[in-house]
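Q: what follows is a predicted structure for the sequence shown.
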Amino acid sequence: MKTIVRLLIVAFLFANVTEMRAEKVKMNDSKSRAIRGTTAGCSPSSTFAWLNINNARVRVNAGGDMWWDLPGGTGAKYYIPANSSSTSLYAGSLWIAGLDINQQLKCAAIRFRQAGNDFWTGPLTIDGTASIDPVTCMEYDKMYTITRAEVDDFIANCDPVTGQFMGDEIPSSIANWPAHGDPSRGMSYYLAPFYDRDKDTHYDPAKGDYPYYDIENELCHSQVPTMDESVEGSIEGSILADQVIKGDHTLGWVFNDKGNAHTETGGSAIGMEIRAQAFAFATNDEINNMTFYSYEIINRSTYTLTNTYFSPWTDVDLGFSRDDFVGCDVSRGLGYGYNGKNIGQRRTLWDFSTNCLAPVPSGKSNASGLCRSRCWHWRKNTATSPRKH
């Protein structure tokens with residue numbers, strides 16, 4: 001049995017912006033590392049998609065990092081306002097580290113990829129080996145884009161009694177939703193969350209199944225487990241309310257730390273499968289300037305990590321990159337960055353809605369109670385902000 005933890009991050013801006021281009025950071029990392037290899041030979045991902053439904057226009061990469069266009073590019077891609085060339089964040093990624101039973105450090109992290117890489121795309125096997133192959137990495141080197149409007153329109157074209165789709169053609173974003181993995185290749189059968197209209201545990205949009213937005217706001221504060229746990233039994237400690245799709249515009253993808261050697265950190269691989277969402281809401285208040293990031297982190301290995309930290313690494317560049325300051329409000333779980341000079345007068349904040357220092361068990365221990373999470377809901381047919389519970 002495997003256990004999951006969840007991490008939700010929100011980035012938001014208070015901006016009196018000037019159009020200043022972020023300067024690209026050059027990494028000089030000559031430290032020698034003893035690279036600990038893994039069995040797969042996956043290549044780093046170069047796939048990306050844009051989150052662009054509100055006042056922020058943001059590039060998100062499938063390889064575990066975001067907000068920039070990779071080595072050889074032009075730099076920062078977190079634009080706010082969306083129709084400007086002003087950027088506030090240069091790069092960001094998920095960092096994970098902990099100790100195994102022998103007190104050996106295991107970690108996965110990424111910065112600018114100039115020193116190396118620790119993340120690759122695709123789900124891991126659920127047999128305890130937490131393995132993957134280059135074919136699977138390449139197959140899942142993609143982003144899945146969905147909007148709440150598409151799902152609302154789909155539901156409106158389904159028979160209210162039978163659930164059968166009555167429209168002309170099912171949208172490709174719904175028809176091609178990655179609800180299932182391939183068990184014959186060792187994957188979990190349940191990947192991306194879906195609403196199972198006829199309760200047959202299989203995704204079939206022709207029968208009214210759809211990517212799982214909590215349309216009626218029924219799941220918040222509930223302890224309903226995901227299908228991975230209730231049907232398949234491959235994980236423990238899951239909460240469906242945390243797994244379902246959020247936002248008005250959502251990017252979904254899956255990545256891992258076992259696709260190849262950890263050339264960024266030089267650390268040993270953990271065996272983490274990470275199911276990620278980047279999402280945003282279109283509103284008429286401050287949330288229109290925010291973007292959100294949710295990570296469902298599954299320990300697919302056979303061992304428990306202790307003294308485990310999860311953190312969003314963030315490189316703040318408010319225009320010019322060498323006059324910025326950062327700080328944190330520990331009690332609020334809030335990080336912030338601001339200009340060090342009175343030029344542009346911009347500031348950015350990021351909220352760690354789940355801060356964890358927790359074991360990541362491979363057995364029956366339940367990690368879900370060790371980290372605080374939040375439910376975000378959308379009021380139907382309004383242009384107001386989400387409700388926080």
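A: Okay, I see it.

Q: just checking, what packs against the helix or strand harbouring Phe292?
A: Phe292 belongs to strand 290-299 when assigned by DSSP states H and E. For strand 290-299, the elements it packs on are strand 2-15, helix 240-243, strand 272-280, strand 305-316, judged by 3 or more CB pairs under 8 Å, 6 or more residues apart in numbering; DSSP states H and E. Glycine gets a C-beta too; all of them are placed from N, C-alpha and C.

Q: rank the ones you listed by pLDDT, which is bottom?
A: Here those differ in mean pLDDT, and the lowest is strand 2-15 at a mean of 53.

Q: following that one, which helix or strand comes up?
A: strand 48-51.

Q: where does pLDDT dip in the stretch 201-350 of the chain?
A: 319-320, 341-350 (pLDDT under 70).

Q: where do the helices of it begin and end?
A: For the stretch 201-350 of the chain, the helices defined by DSSP state H, counting those that start in this stretch occupy 227, 240-243.

Q: let's have those helices in CSV, adding distance to Ser43.
A: Shown next, in CSV, are the helices of the stretch 201-350 of the chain (distance: least, CB to CB, whole Å):
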stretch, distance to Ser43
helix 227, 31
helix 240-243, 28
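
Q: remind me, longest helix of this structure?
A: helix 148-156 (DSSP state H).

Q: that one to strand 272-280, inter-axis angle?
A: Angular relation of helix 148-156 and strand 272-280 on a 0 to 180 degree scale: 90 degrees, by axes from the mean of the first three to the mean of the last three CA atoms, to 10 degrees.

Q: what lies in contact with helix 148-156?
A: Identification of contacts with helix 148-156 by CB atoms under 8 Å, 6 or more residues apart in numbering yields 165, 167, 170-171, 173-174, 205, 208, 210-211, 213, 215, 247-250, 378.

Q: got the buried residues for that helix?
A: Residues of helix 148-156 classed as buried by neighbour count (16 or more other CB atoms under 10 Å): Arg148, Glu150, Val151, Phe154, Ile155.

Q: now the element after it, going C-ward?
A: Once the chain leaves helix 148-156, the following helix or strand, as judged by DSSP H and E, is helix 172-175.

Q: neighbouring strands - and their directions - for the helix or strand following that next one?
A: Going down the chain from helix 172-175, the next helix or strand is strand 194-195, by DSSP H and E. The strands beside strand 194-195 in its sheet (DSSP bridges) come out as strand 210-211 (antiparallel).

Q: quick one: the strand it pairs with to chain centroid distance?
A: 18 Å (CA atoms, centre = their mean, to the nearest Å).

Q: do the same with stretch 182-200
A: 19 Å.

Q: buried set for it?
A: Buried, per 16+ other CB under 10 Å, within stretch 182-200: Gly186, Met187, Ser188, Tyr189, Tyr190, Leu191, Ala192, Pro193, Phe194, Tyr195, Asp196, Arg197.

Q: widest-spaced pair of these?
A: Greatest spacing in these, by CB to CB: Gly186 and Arg197 (28.5 Å).

Q: for Arg185, which non-adjacent residue is closest in space?
A: Thr136 (6.9 Å; CB to CB, 6 or more residues apart in numbering).

Q: same deal with Phe279?
A: Phe279 sits nearest to Gly247 (CB to CB, 6+ apart), 2.8 Å away.
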